[in-house]
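> need coordinates for the following:
(2 chains)
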Amino acid sequence: MTQKNRVNGGLIDRSSRVNFQFDGKTYQGHNGDTLASALLANDVRLMGRSFKYHRPRGVMTAGSEEPNALMKLRTGARQEPNSRATVTELFDGLEARSQNRFPSLKFDFMGINDRFSNFLTAGFYYKTFMWPRAFWEKLYEPVIRKAAGLGSISFEDDPDSYDKGFLHCDLLVIGSGPAGLMAALTAGRAGARVILAEEDFITGGRLNTETYAVAGMSGSDWARSVMAELESLESVRILTRTTVVGAFDHGIYGAVERVSDHMLAPESGKPRQILWRIYSKRAVLAAGATERPIAFENNDRPGVMMAGAVRAYVNRWAVTPHQQVAVFTNNDDGHRTAADLIAEGVDVTGVIDVRPDAPSLAGIEVFAGARVVNSKGLLGLKSVQIRLANGEIRDLTCGALGVSGGWNPNVHLTCHQRGRPVWNDAIAAFVPGGEMPAGLTVAGAANGHLSTAQALQTGAEAAVSALTGLGVSAAAPDLPEAEDAPNSLTPFWYVKEGKGRAWIDPQNDVTVKDIKLAHQENFRSVEHLKRYTTLGMATDQGKTSNMGGLAVMAELTGKSIPETGTTIFRPPYTPVAMGALAGRSIGKNFHPTRETPSHKWAVEQGAEFVEVGNWLRAQWFPQPGETHWRQSVDREVLQTRKSVGICDVTTLGKIDVQGADAAEFLNKIYANGFAKLPVGKVRYGLMLREDGIAYDDGTAARLAEDHFVVTTTTANAVLVYRNMEFARQCLWPDLDVQLISTTEAWAQYAVAGPKSRKLLQKLVDPEFDLSNDAFPFMACGEITVCGGVRARLFRISFSGELAYEVAVPTRYGDAMIRALMEAGEEFDAVPYGTEALGVMRIEKGHAAGNELNGTTTALNLGLGRMVSKKKDCIGNVLSEREGLNATDALRLVGLRPVDSKEVIPAGAHLMNADGSVSAKTDLGYVTSAAYSPILGCSIALAFLKGGGDRMGDVLRVINPLEGQEVRAEVVSAHFVDPEGERLRA
Amino acid sequence: MLKLKSITPLGADEARVDRFTGLTITEVTERALVSLTARNDQADAIRDKARGLLGIDLPDIGDSAMGNIRSVFWIGPESWMIDMPYSGNEYLARQVKQAMGDSASVVEQTDGWCRFDLEGATMNSVLERLCNADSANLAERAVTRTQIHHLGCFLWRQKDGFAVFGPRSSAASLHHALLQAAQSVC
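Down below sits the predicted model:
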């Protein structure tokens, strides 16, 4: 019979028929069901196997706190493990499978673990798998992981997309039970911007699961009426299927909206989930409370559930977990469950109430002062054994047992800023306390107000208080008449009778015995207890188990529960998919890219690209017949040095510096002097950190007395700008200087090689004289090209050749590279990429990022004299530290292999030609190495101790990691044109 | 003499338009931008000069002044961006500098930015998937700096929509982010 456990009523759509599968078998449910409620309706109690002992397990709760009913949903790339059946909205075509079992849920070979439970206690593997050490990673851990665990992932890429977003509100209301609805209604009526976030797919919270009337109607009807009003208010935004997972600084909350989790697959283009960052001025936490169990021997059998969950299944989902149900309680809530079951015609075989003065209940046998001491039923509960108040033992037949040990307010979000909850004796639970997230107030059951009337009242009060703090006048609505039952709980944590295991944390298979063992072995602090036993870890984070564990430890140590304390609750409140955290920043969209102005053209040329920061730069331009990158790079270098080459250098940072004190400012920023740089000239400059270490180099071109353009290295463009802005605002605020980045605004091309002038003369408008006399080395100017396009020209050279950099507005960058190449045809001009750029600068001995590596000084770089002592600059004083100026300090030198066929490896270390090889005899290291097609051999730049005095020496270049050793001669770092004749030609 | 032809930040000859239900994303390429920053103690002077040159008052913090042809929006302390049609104003920076003299620093910014205009009923829903600016609460003319897809952008509320300015070199990435958010919402 299908859905044999359905009863009357409920908030499901009985006219709908939803087909789904569990472990390959097809079942039916209704819209409005969860996977758990639909399985229970179909008399499926066995839903999983436990983590360590592979004990049969069934659903325990009806909410996100569920520790047992964890399943794999969907198949293929969309397979998602450890999904809680209790919050999985049923949809047609849903495929669910049990996990952590082999070969089937009913017959799980690993159930053998349960037989060895005496050996598998808390911390067993810490003690057991000690030797041999190497076995841990290769044998023990893989075997343990195979034997114990939860679900598995598919290892396929997630095909769905996830959004991130940002929301703003005056008041964030977390939870839409009676307190949350009342808070939202109060604030909404006052015109405040309200966001109401509800984890469930319907609003109303416990109002949907209880039978008590509110304002003369059912709780769910009242909730619907309030929702109708809230939905009519423009300033109120309602987010269902949205869990607020974290409380962060300044009133910012993280929330996950499950947009498409209730569908087989998201609609085209739509996200699976959205991770919202909610900026709230105030927030009301109305997250309710979680019922806690009472531990007893074999209390983990399928069918043993929370009493409140049983009520939820009966009243909201019209499902009884079994045809025969018993209740075990220490408070009146258990009686509510029994009454609601009876109202639906379910056979309630008894209420076992630990309170000697338990109230009676019409039509049900109430065992006052009794307790459940054991249970029977291998794959599902068949009966419980109870000890009556008079000591007598009795067996009570039941297929489900609703357990209520009281309620724990959901204080989690109040603790995310390290707030410590405080103990409330009246409800024997922790309630929010200490320093809470700024702007957060707590209402309803989350604050320990467990009756509906109290929830309604405190919800309204919290909203009024929050809005008052914002200067918004709000009046609390008239409170509807509602249940206001007094607290009736007698604290009772676990049954001390029996030698078997009583489960405290079913998700992690932590028993009372494990906690006793932790105590015995002196892991008594709650934080140690958690790590030693794994109590409260994994997907449920101990929502149903923490308090029980604390209570047992408190009893063992002779302390009270508040003295024992709690572990810290941290975000996220419930598990968050990695996809939601990543959002759209995945794959090639992990970060934005920056395209150079010649990108489109370079793609057409078949260029190979390299990421430099976010920039995509052409690395080399392969030609037909070239099968190795070196062939392309060698050709580009040779042709540039022979004729002319063109390279997109737009990526270099460009900072526009203006103001009456611009020159003085740069004089302080750069180590070398800029005050006297003439207009129309460019100067190479070196920047130091405050500690005297060199951190960036580049040029500054003076376009006017009060106007410079500073270029930086590509990698440091942002850093240099930030440092300059800091200096402008904070170090020398009186200087009249204005800065702004213009990196993006100009397309800039290096035109290098002996024919570069001739090439440019074809493009630069004729009124601009490019002769050596009129436009010498290090000249700059504003010009026009191609018949009037505004441009800038700099005669600077990174390659060591006669070279220029020409800049045009970026929109003309594509046309400019095409024009340069077309004009260069008669000179066999080549485009060159970053590899050829790198080879040529090594040949010329120019430092780059490899040399400006955060540890080197101007002295090391051979630029010591650039640090002017006639003026002050950032880093000047500390560059004079003794240690940085030792006579044998590292100096930049060139290296050339003795045997020209040998290759000098980058990163290798330098040792004398003879003697031992050790850190003590280390003389320095290779920073940059390349094959020089001009010299026909490998060359390198290196830092060598006392390098200036070792020209001509032969050293060993050692790479101990790969056993390489190359003999190399120390030479000048300027392999090409050391006199600089070419670039001045 | 070879002639140079301009292309859009997205690398095309024509500006791109993407239409969704409730949203149109329009690439705007025919505007000239120039930054205007007061030299020390010259803010009042350039306000006067800007009024004379542009016929509008330089706006306060987070605000803009919008005329039929020319507009100005605030970009930082005593710093503004002048926005005018590109046609006829390719040398806008030179013109502004001449008018301002030594009282201001003026920098050509036209090609430093790409611009996408968003219009339609869903524009706020799309923007809330992209940036932490409270776009629904931005008054007409308001301007703010915000991050979209890790990119520093200006978000400028206009009469019927928003203008998003992002770094030109990342136009493709910014456009991709806008399209994805639009597809997600619309």
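> spell out which parts of the stretch 451-600 of chain A neighbour chain B.
Residues of the stretch 451-600 of chain A lying close to chain B (Cβ under 8 Å from any Cβ of the partner chain) are A:584-585, A:589, A:591-596, A:599-600. The C-beta positions use only the backbone N, C-alpha and C, and glycine is treated the same way.
> what about stretch A:346-366, how long is it end to end?
16 Å (Cα to Cα, to the nearest Å).
> identify each buried residue in that stretch, please.
For stretch A:346-366, burial by neighbour count (16 or more other Cβ atoms under 10 Å in any protein chain shown) applies to A:346-355, A:358, A:361, A:364, A:366.
> out of the residues of the stretch 451-600 of chain A next to chain B, list just those in helices.
A:599-600 (DSSP state H).
> narrow the residues of the stretch 451-600 of chain A next to chain B to those that are buried.
In terms of neighbour count (16+ other Cβ under 10 Å), the buried residues within those are A:584, A:589, A:592-596, A:599-600.
> which of the buried residues of stretch A:346-366 fall within helices?
Going by DSSP H, the helices hold none of these.
> centre-most residue in chain B?
B:Phe165 (4.9 Å; Cα atoms, centre = their mean).
> elements contacting the strand or helix carrying that residue?
Assigned by DSSP states H and E, B:Phe165 falls within strand B:161-167. Here strand B:161-167 touches strand B:113-119, helix B:123-127, strand B:151-157, helix B:171-185, going by 3 or more Cβ pairs under 8 Å, 6 or more residues apart in numbering or on different chains; DSSP states H and E.
> now do it against strand B:113-119, angle only.
160 degrees (axes from the mean of the first three to the mean of the last three Cα atoms, to 10 degrees).
> partner strands of strand B:161-167, parallel or antiparallel?
As defined by DSSP bridges, the strand partners of strand B:161-167 come to strand B:113-119 (antiparallel), strand B:151-157 (antiparallel).
> which residues are in contact with the first one?
What it means is strand B:113-119. A:744, B:9-10, B:23-29, B:31, B:33, B:126-127, B:154, B:158, B:160-168, B:170-171, B:174-175, B:178 (Cβ atoms under 8 Å, 6 or more residues apart in numbering or on different chains).
> make a ChimeraX selection of the buried ones in these.
Buried members of the contacts of strand B:113-119, defined by 16+ other Cβ under 10 Å, are picked up in ChimeraX with:
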select /A:744 /B:9,10,23,25,26,27,28,29,31,33,126,127,154,158,161,162,163,164,165,166,167,168,170,171,174,175,178
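> about what we covered before: filter the buried residues of stretch A:346-366 down to just the ones in strands.
Cross-referencing the buried residues of stretch A:346-366 against strands under DSSP state E gives A:347-353, A:366.
> and those residues near chain B, which?
Answer for those near chain B: none qualify (Cβ under 8 Å from any Cβ).
> next, give me the two most distant ones among those residues.
A:Asp347 and A:Asp353 (18.4 Å; Cβ to Cβ).
> quick check: the gap between B:Ile75 and A:Ser360.
Per Cβ to Cβ, to the nearest Å, B:Ile75 is found 76 Å from A:Ser360.
> so who does the nearest residue to B:Thr21 once chain neighbours are set aside touch?
With Cβ to Cβ, 6 or more residues apart in numbering or on different chains as the criterion, B:Thr21 has its nearest non-adjacent residue at 4.8 Å, and that residue is B:Cys186. By Cβ under 8 Å, 6+ apart, B:Cys186 lies in contact with B:20-23, B:122, B:126.
> one more: A:Ala368?
With contact set as Cβ under 8 Å, 6+ apart, A:Ala368 has these partners: A:353, A:355-358, A:389.
> give me the domain ranges for chain B.
Taking automatic domain parsing as the reference, chain B has its domains at B:17-29+B:112-185, B:31-110.
> nearest to A:Asp977, out of the ones you listed?
domain B:17-29+B:112-185 (33.4 Å).
> burial count for residue 156?
Since you didn't name a chain, this refers to chain A. 10 (other Cβ atoms under 10 Å in any protein chain shown).
> chain B, not that one
24.
> that one contacts B:Met66, doesn't it?
No: assessed by Cβ atoms under 8 Å, B:Trp156 is found out of contact with B:Met66, at 9.2 Å.
> pull the contacting residues for A:Glu521.
A:Glu521 neighbours (Cβ under 8 Å, 6+ apart): A:123, A:532.
> for the residue in the stretch 401-550 of chain A that chain B sits nearest to, give me the pLDDT.
Per Cβ to the nearest Cβ, A:Leu470 is where the stretch 401-550 of chain A lies closest to chain B, at 14.3 Å. According to the prediction, A:Leu470 has pLDDT 96.
> does it really touch A:Val194, like I thought?
No: at 11.8 Å, A:Leu470 does not count as touching A:Val194 under the criterion of Cβ under 8 Å.
> sheet-wise, list the partners of the helix or strand hosting A:Ala96 with their directions.
Taking DSSP H and E as the definition, A:Ala96 sits inside strand A:94-97. When pairs are called by DSSP bridges, strand A:94-97 turns out to pair with strand A:13-22 (parallel), strand A:70-73 (antiparallel).
> right, so the ones you listed: which one is the most enclosed?
strand A:70-73 (a mean of 23; mean count of other Cβ atoms under 10 Å in any protein chain shown).
> ok, then the element right after that strand?
Once the chain leaves strand A:70-73, the next helix or strand it forms, by DSSP H and E, is strand A:80-84.
> from the chain's centre, how far out does that following strand sit?
Relative to its chain's centre, strand A:80-84 lies at 20 Å (Cα atoms, centre = their mean, to the nearest Å).
> got the buried residues for it?
Residues A:80-84 are the ones in strand A:80-84 that count as buried (16+ other Cβ under 10 Å).
> quick one: average pLDDT of it?
On average, strand A:80-84 scores 95.
> cool, and stretch A:609-624?
Per-residue pLDDT over stretch A:609-624 has a mean of 96.
> how about it and chain B, touching?
Yes: using Cβ under 8 Å from any Cβ, stretch A:609-624 comes into contact with chain B via A:614-615.
> so who does the residue nearest to B:His149 when sequence neighbours are not counted touch?
Excluding the flanking residues, the one nearest B:His149 by Cβ to Cβ, 6+ apart is B:Ala177, at 3.8 Å. Applying Cβ under 8 Å, 6+ apart, we find B:Ala177 in contact with A:584, A:589, A:592, B:130, B:148-149.
> per-residue confidence for B:Ala177?
On pLDDT, B:Ala177 comes in at 97.
> and it, how close does it get to B:Phe116?
Distance from B:Ala177 to B:Phe116, by Cβ to Cβ: 10 Å.
> same deal with A:Gly175?
Spatial separation of A:Gly175 from B:Phe116 under the definition Cβ to Cβ is 38 Å.
> now do A:Arg584
17 Å.
> just the contacts of B:Ala177 now: which is nearest A:Val325?
A:Arg584 (48.0 Å).
> wait, the closest one sits on A:Lys164?
Yes: counting by Cβ under 8 Å, A:Arg584 touches A:Lys164, with 7.1 Å between them.
> what's the overlap in contacts for A:Leu470 and A:Val194?
Common neighbours of A:Leu470 and A:Val194 (Cβ under 8 Å, 6+ apart) are A:Asp170.
> okay, these two: which has more neighbours?
Neighbours of A:Leu470 and A:Val194, each counted by other Cβ under 10 Å, are more numerous for A:Val194; the result is 28 against 16.
> is that one in a bridge, and if so with what?
Going by DSSP bridges, A:Val194 forms beta bridges with A:Leu171, A:Val236.
> shaky segments in chain B?
Low-confidence segments of chain B (pLDDT under 70): B:1-2.
> which residue ranges form the helices in it?
Going by DSSP H, chain B shows helices at B:43-54, B:92-100, B:123-127, B:171-185.
> can you pull up the most central residue in chain A?
For chain A, the residue sitting closest to the mean C-alpha position, by Cα atoms, centre = their mean, is A:Leu581 at 5.0 Å.
> contact partners for it?
Applying Cβ under 8 Å, 6+ apart to A:Leu581 gives the contacts A:Leu275.
> C-alpha coordinates for whatever helix or strand it lives in, PDB please?
If you go by DSSP H and E, A:Leu581 is part of helix A:578-582. Extracted in PDB, the C-alpha atoms of helix A:578-582 (Å, rounded to 0.1, in the frame of the first residue of the first chain):
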ATOM      1  CA  MET A 578      31.300  25.400  -2.200                       C
ATOM      2  CA  GLY A 579      29.700  26.500  -5.500                       C
ATOM      3  CA  ALA A 580      27.700  29.200  -3.600                       C
ATOM      4  CA  LEU A 581      30.900  30.500  -2.000                       C
ATOM      5  CA  ALA A 582      32.600  30.600  -5.400                       C
END
